[in-house]
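Q: Give me a model of this one.
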Amino acid sequence: MQITIRLATSEDIPQLNEMIALSVHVLSTDYYTPGQIESAIRYVFGVDTQLVTDGTYYVAEIDGTIAGCGGWSKRNTLYGGDQHKETEDALLDPKHDAAKIRAFFVHPDHARRGIGRLIINVCEAAAKGNGFTCFELGATLPGVPLYEAVGYKAIERIDTVLPDGEVLGIVKMRKDVSHG
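A: Numbers count the residues shown, from 1 in each chain. Below you'll find the predicted structure:
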């Protein structure tokens, strides 16, 4: 299995949104209720097109098929796709702020094969190249084990109340790489 990583383009967005919904439907069932999953797809999970525009969102492909996606941001949003925000995010200062690791999803057929870890490595290297020495993310509950495995530490649990009243558990996590 050869995995290739490339920058996402606007043409990828419809296919990415389909893959994200499938990923959440299949990989979140041990962590969230069906109501939470449907609500999260409707109100939170999806492509953040600002990441695509900024050139900080990546696609992992296997044999030309999208197997996963994820990105990093120099903007002040911890999580959520376009449907989760109303304005352009403010820019972060790499001297004082943590880059945001964002919107990681893996196709269920390719889960637990190193795709997420590979994309994280690409994102962290790009963020470091832009002067960032710490990273923060809002992990879904199924994502916490991956992020812990690559050095992220939980800071706090964020229970987000969605517009339909469903509560989505998110874990804010951080990784400092300034010393290594």
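Q: Only C-alpha atoms from now on, for both contacts and neighbour counts.
A: Noted.
Q: does residue 146 count as helix, strand or coil?
A: helix (DSSP: H, G, I helix; E, B strand; the rest coil).
Q: Nearest residue to the middle of the chain?
A: Nearest residue to the geometric centre of the chain (C-alpha atoms, centre = their mean): residue 103, 2.0 Å.
Q: May I ask which helix or strand encompasses it?
A: Per DSSP states H and E, residue 103 falls inside strand 99-106.
Q: confidence score at the closest residue in space to residue 63 that isn't next to it in sequence?
A: Closest residue to residue 63 apart from its sequence neighbours, by C-alpha to C-alpha, 6 or more residues apart in numbering: residue 2 at 7.4 Å. Residue 2 carries a pLDDT value of 90.
Q: Residue 16 versus residue 2, what's the distance?
A: 20 Å (C-alpha to C-alpha, to the nearest Å).
Q: So for these two, which sits in the more crowded spot?
A: residue 16 (22 against 7; other C-alpha atoms under 10 Å).
Q: so the more buried one touches residue 48, yeah?
A: No: with contact defined as C-alpha atoms under 8 Å, residue 16 does not count as touching residue 48 (10.5 Å).
Q: Break down this protein into its strands, ranges please.
A: With DSSP state E applied, the chain shows strands at 3-7, 57-62, 65-73, 99-106, 134-140, 153-161, 167-176, listed in chain order.
Q: Of those strands, which is nearest residue 27?
A: For residue 27, the closest of these is strand 99-106, at 8.8 Å, according to C-alpha to C-alpha.
Q: confidence score at the residue nearest to the centre of the chain?
A: 90.
Q: State the distance from the closest residue to residue 163 other than its chain neighbours to residue 162.
A: The shortest distance from residue 163 to any non-neighbouring residue, by C-alpha to C-alpha, 6+ apart, is to residue 43 (7.5 Å). Going from residue 43 to residue 162 by C-alpha to C-alpha gives 7 Å.
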